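predicted structure and sequence below. I'll ask about it afterward.
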Amino acid sequence: MISIDIVLLWLDLVGVFFFAVSGSLLAARKQFDIVGSVLLASIVSLGGGAIRDVVINAGPPVAFTNPVYLIPPLLAALLVYFLFSSVQRFTSLLTLFDAGGLALFCITGTLKALTSGMNPVAAILLGVTTAVGGGLLRDITANEIPTLFDARDIYALPAFVGAGLTTLLWHLGLFSGLTACLVAGIVFAFRVTAWRRSWYVPLAVRGWQRGGTGAGAISGARD
């Protein structure tokens, strides 16, 4: 039987890599240099985990105590450096890698909160924070409108679903590497489907409309 610690480590590292690739892809699109690519990859991939570790008072963030966490951002920056010229037409790659990181981080953030003794509600909230925190930092750093606050997209809701399912499976004693992959698949599919089909949640004010040019309207269309 694989221990929860091993499952957590591997999910965390894969999530770090996925988020790091999304950061390096955005850096390439913004025409940052290779140093900027590494830094943006590190911010998006390690930021959510750092917030998580600080909140649960786990001591220094694991990214600063375990050097293996620094490898995925470096690999991601190198991968994009050598391959971006052949994949730059596929702008959906950034969303796909971001969705992969989101799917894994909502699980690892929730799981680490639960193993630290936090109650289910707090664990779910921390799982969502872990999942969306890095992407928020990435977009702000790159001077982009944060995906989290884009009224034409769904970002946090899939993370809530993943964190909720992780918490439920944990308390039922059914959480394992297999069920973690199943939850990650559900979150990934939800996020990508919502993006492709332009699903959205209601606006903050009832009666406002997306699109148009009048007062109380949100203009613009998906790239």
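Cool, got the structure.

stretch 25-36: which residues count as buried?
For stretch 25-36, the neighbour count (16 or more other Cβ atoms under 10 Å) marks 25-28, 32, 36 as buried. Every C-beta, even on glycine, is put in place using the N, C-alpha and C of the backbone.

now stretch 108-127
Quick answer for stretch 108-127 (16+ other Cβ under 10 Å): 108-114, 116, 118, 120, 122-127.

make JSON lines out of the buried residues of stretch 25-36 and add secondary structure, pLDDT and distance to residue 158.
Formatted as JSON lines, those follow (DSSP: H, G, I helix; E, B strand; the rest coil; pLDDT from 0 to 100; distance: Cβ to Cβ, whole Å):
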{"residue": "25", "secondary structure": "helix", "pLDDT": "92", "distance to residue 158": "20"}
{"residue": "26", "secondary structure": "helix", "pLDDT": "92", "distance to residue 158": "20"}
{"residue": "27", "secondary structure": "helix", "pLDDT": "93", "distance to residue 158": "24"}
{"residue": "28", "secondary structure": "helix", "pLDDT": "90", "distance to residue 158": "25"}
{"residue": "32", "secondary structure": "coil", "pLDDT": "93", "distance to residue 158": "28"}
{"residue": "36", "secondary structure": "helix", "pLDDT": "95", "distance to residue 158": "29"}
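
among those residues, which one sits closest to residue 84?
Ranked by distance to residue 84 (Cβ to Cβ), the buried residues of stretch 25-36 are led by residue 28 at 4.5 Å.

count of neighbours near the closest residue to the closest one other than its chain neighbours?
Nearest non-adjacent residue to residue 28, counting by Cβ to Cβ, 6 or more residues apart in numbering: residue 84, 4.5 Å away. Residues lying near residue 84 (other Cβ atoms under 10 Å) number 16.

quick check: closest non-adjacent residue to residue 19.
In this structure, residue 19 finds its nearest non-sequential neighbour in residue 101, 3.3 Å apart by Cβ to Cβ, 6+ apart.

export stretch 92-103 as PDB, just CAs?
The C-alpha trace of stretch 92-103 is given here as PDB (Å, rounded to 0.1, in the frame of the first residue of the first chain):
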ATOM      1  CA  SER A  92      -5.100  26.400 -25.500                       C
ATOM      2  CA  LEU A  93      -1.900  24.700 -24.200                       C
ATOM      3  CA  LEU A  94      -1.600  27.300 -21.500                       C
ATOM      4  CA  THR A  95      -5.200  26.600 -20.300                       C
ATOM      5  CA  LEU A  96      -4.700  22.800 -20.500                       C
ATOM      6  CA  PHE A  97      -1.500  22.900 -18.400                       C
ATOM      7  CA  ASP A  98      -3.100  25.400 -16.000                       C
ATOM      8  CA  ALA A  99      -6.100  23.000 -15.700                       C
ATOM      9  CA  GLY A 100      -3.800  20.200 -14.800                       C
ATOM     10  CA  GLY A 101      -2.100  22.100 -12.100                       C
ATOM     11  CA  LEU A 102      -5.400  23.300 -10.700                       C
ATOM     12  CA  ALA A 103      -6.800  19.700 -10.700                       C
END
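
thanks a lot, see you next time.
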